[in-house]
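Chemist: Show me how the following folds:
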Amino acid sequence: MFDVTQTLVETTVRKTIKDIKDSPKRSVRNLVDMGLHFSNGRFQTQLLGAAQTMLQNEQSPYYDLIKDVVCHTDEENLIRFGMNVGYNSCTVGARRIREIEEEERFNIPWSVALRIDKSTYYANQKNYFSLIAQGEAIGIYTWIIFADGDITSILHLAETFKNSAFIFLCSPHDIMCANFKSEGLQKIKRCDNTMISIKYEKGVDEACSLLRDNKRLYSIFYPYNKINAQDAENENISENIIEEIIARRPAFT
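Modeler: Now for the predicted structure:
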């Protein structure tokens, strides 16, 4: 069914992305103000309200971040991933979730995390397809995939379910492996509804550079456990880690 609102939102986003390259501060503020004016959900209002407050600071580092992401990421990758998260998941999907929760009296998550091993993906492919199809039917359009190994074959999920957003968490080694560099990189260029999140460890520089050179949307994640939890909570160490991550220019951390 044709969605007029979705078309209007996407048209506005496309125009804003073009304008950001010339005037990032004004363009971003206008987009947030417009979103806040038309938002009617509690989550949307809180999120956009926080963004509006942060952007009142003319020296906010978010302006540099936004301009960098827009200038170094494929436009279709930004738009499709952003629309699938912001509109399909947090707007239309969230509305559907609230309706079902009200009727059925049980909670539904807005996103689902899966751990998928490339060696068993094809054997379980039908189950993954069924799970995501059922998820979309009840309003879930954001999928976080913890990938064990090269993600080239697993990208088939993103190719199939184009209305969902997929975040693939993987190691730098998985991004720099020969198969991904030869086949996976070309495949992910056809999957604009994806973002790769790279584990912060040895090799992260090379992995980020590869994705940035190919204008793909990427982020960095820093896992912590009982061994390094105290380091993560140490203010000075945390600041150093954040500064090092920022130097890799990810869209998110």
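Chemist: Low-confidence stretches in the stretch 1-150 of the chain?
Modeler: Scanning the stretch 1-150 of the chain for pLDDT under 70 picks out 1-2, 41.
Chemist: mind listing the strands for it?
Modeler: Under the criterion DSSP state E, counting those that start in this stretch, strands of the stretch 1-150 of the chain are mapped to 111-117, 142-148.
Chemist: hey, which of those is tucked in deepest?
Modeler: Across the strands of the stretch 1-150 of the chain, averaging neighbours per residue (mean count of other C-beta atoms under 10 Å) puts strand 142-148 on top, at a mean of 20. Just so you know, the C-beta spots here come from the backbone N, C-alpha and C atoms, and that holds for glycine as well.
Chemist: Check which helices and strands it is in contact with.
Modeler: strand 111-117, helix 118-121, strand 165-170 (3 or more C-beta pairs under 8 Å, 6 or more residues apart in numbering; DSSP states H and E).
Chemist: Save these as JSON lines, and put in distance to residue 36 too.
Modeler: As requested, those are exported to JSON lines (distance: least, C-beta to C-beta, whole Å):
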{"stretch": "strand 111-117", "distance to residue 36": "23"}
{"stretch": "helix 118-121", "distance to residue 36": "41"}
{"stretch": "strand 165-170", "distance to residue 36": "22"}
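Chemist: of all the ones you listed, which lies closest to residue 61?
Modeler: Nearest to residue 61 among those is strand 165-170 (22.6 Å), distances taken as C-beta to C-beta.
Chemist: tell me how far that closest one is from the chain's mean position?
Modeler: The chain centroid and the centroid of strand 165-170 are separated by 7 Å under C-alpha atoms, centre = their mean, to the nearest Å.
Chemist: Could you measure from residue 151 over to residue 193?
Modeler: 14 Å (C-beta to C-beta, to the nearest Å).
Chemist: ignore the last one, residue 98
Modeler: 23 Å.
Chemist: So for these two, which residue has more residues nearby?
Modeler: Taking neighbours as other C-beta atoms under 10 Å, residue 98 and residue 193 compare with residue 193 leading, 26 against 15.
Chemist: For the more buried one, which residues are in contact?
Modeler: Shown in contact with residue 193 (C-beta atoms under 8 Å, 6 or more residues apart in numbering): 80, 81, 84, 158, 161, 162, 163, 164, 165, 166.
Chemist: circling back to that earlier point, residue 20 is nearest to which of the helices and strands packed on strand 142-148?
Modeler: Going by C-beta to C-beta, the one of the helices and strands packed on strand 142-148 nearest residue 20 is strand 165-170, 20.6 Å.
Chemist: How far does the lengthiest helix in the chain sit from its chain's centre?
Modeler: In terms of residue count, the longest helix belonging to the chain (DSSP state H) is helix 4-20. Taking the mean of its C-alpha atoms, helix 4-20 sits 18 Å from the chain's own mean (C-alpha atoms, centre = their mean).
Chemist: buried ones in it?
Modeler: Residues 9, 10, 13, 16, 17, 19, 20 are the ones in helix 4-20 that count as buried (16 or more other C-beta atoms under 10 Å).
Chemist: do stretch 73-89 as well
Modeler: For stretch 73-89, the buried set under the neighbour-count rule, 16+ other C-beta under 10 Å, comprises 73, 77-89.
Chemist: Show me what the longest helix of the chain packs onto, helices and strands only.
Modeler: Here helix 4-20 touches helix 24-38, helix 61-72, helix 75-83, going by 3+ C-beta pairs under 8 Å, 6+ apart.
Chemist: Now distance to residue 117 too, for the ones you listed, in a markdown table please.
Modeler: Shown next, in a markdown table, are the helices and strands packed on helix 4-20 (distance: least, C-beta to C-beta, whole Å):
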| stretch | distance to residue 117 |
| --- | --- |
| helix 24-38 | 39 |
| helix 61-72 | 31 |
| helix 75-83 | 24 |
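Chemist: So in terms of bridging, what pairs with the spatially most central residue of the chain?
Modeler: By C-alpha atoms, centre = their mean, the mean C-alpha position of the chain lies nearest to residue 195, the distance being 5.0 Å. Applying DSSP bridges to residue 195 gives these bridge partners: residue 167.
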